[in-house]
Each structure stands twice: as C-alpha cells, then as structure tokens.
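Colleague: I'd like to go over a predicted model; first the sequence, then the structure.
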Amino acid sequence: MSDNQNQTQNQEPSKLSGQFHSVKGSAVEAIGDATSASSWSQSGKEEHSRGEGEYKAAQAKGYVEGTTDRVGGYKDSVLGAVSGDKDQQLAGNARNEKGQAQKELNKPQ
C-alpha cells in the first residue's frame, strides 16, 4: 500500500480531499482511456471511487455532528429556560442553530 493510501486511512475523512481524489481519478481515467492504457484507466477509476467514498464519509460525519449539536443545544436551551439561566438558554440556542447549519451543509443529495 502506498504512503498516500496509508496517510488517508489514518486521517478523518475530508470533503476537500475526497473531491480532489475524485477529480484526479477522473482525469487519470480519461488519460488512460485516451491512450488505451488500461492500467491508468483502472487506477483512475479506483482513485475516483475512493475519493467519492471519502467525500460521502466526511459528509455523513458532518451531518451526525450537526445532529449532535442540535440535540445538545436544544437540551441546554430548555434547561436554561426552566432554570432561568438566560446565558445557558442563549448558548443552547446558538449551538442548536450551529448544528442546523452544519446539517444543511452536509445533507445527503
């Protein structure tokens, strides 16, 4: 396994890295197709597929994190309202809104 593949497997999934590898894989595949180099075509398909997988994994992770922030923020907001702690309530509302924005950015398409 190459150092690049080991490095990717030891890191959190990244949307940017996933997009990069998807596009790079498509380019390598196109070069392979144009030059009838089947090894390049296959390598490009594999890199494209790995890139798409990494992108989707990062998207799912972001969506789950957004959901966690929404639930935690709602809990803090309610506890703050019940206990009369306006700071906790405001912090909970902010966390809830942050979670909603993160969910929207990572919503499956």
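Modeller: Yep, that arrived.
Colleague: My understanding was that residue 42 contacts residue 32; is that so?
Modeller: Yes: counting by C-beta atoms under 8 Å, residue 32 is a contact partner of residue 42 at 7.4 Å. (Glycine included, C-beta is placed from N, CA and C.)
Colleague: ok, those two, which is more surrounded?
Modeller: Taking neighbours as other C-beta atoms under 10 Å, residue 42 and residue 32 compare with residue 32 leading, 18 against 13.
Colleague: longest single helix anywhere in the chain?
Modeller: helix 38-83 (DSSP state H).
Colleague: hang on, residue 98 packs against residue 69?
Modeller: Yes: using C-beta under 8 Å, residue 98 is in contact with residue 69, at 5.5 Å.
Colleague: the more surrounded of the two?
Modeller: Set side by side, residue 98 and residue 69 show more neighbours around residue 69, with 20 against 15, by other C-beta under 10 Å.
Colleague: and the gap between that one and residue 92?
Modeller: Using C-beta to C-beta, to the nearest Å, residue 69 is found at 10 Å from residue 92.
Colleague: and the helix or strand just after the longest helix of the chain, what other elements does it pack with?
Modeller: The C-terminal neighbour of helix 38-83 among helices and strands, as given by DSSP states H and E, is helix 86-105. Using 3 or more C-beta pairs under 8 Å, 6 or more residues apart in numbering; DSSP states H and E as the contact test, the elements touching helix 86-105 are helix 38-83.
Colleague: Please report the distance of the residue lying farthest from the centre of the chain from residue 78.
Modeller: Here the centre of the chain is the reference, and by C-alpha atoms, centre = their mean the most remote residue is residue 84, at 37.0 Å. Look at residue 84 and residue 78: by C-beta to C-beta, they are 12 Å apart.
Colleague: what do you get for residue 56?
Modeller: 33 Å.
Colleague: same thing with residue 98?
Modeller: 17 Å.
Colleague: ok, for the residue most central in space within the chain, nearest residue in space, not its chain neighbours?
Modeller: Geometric centre of the chain, nearest residue: residue 58, 2.0 Å, by C-alpha atoms, centre = their mean. What sits nearest to residue 58 in space, not counting adjacent residues and going by C-beta to C-beta, 6 or more residues apart in numbering, is residue 13, at 3.9 Å.
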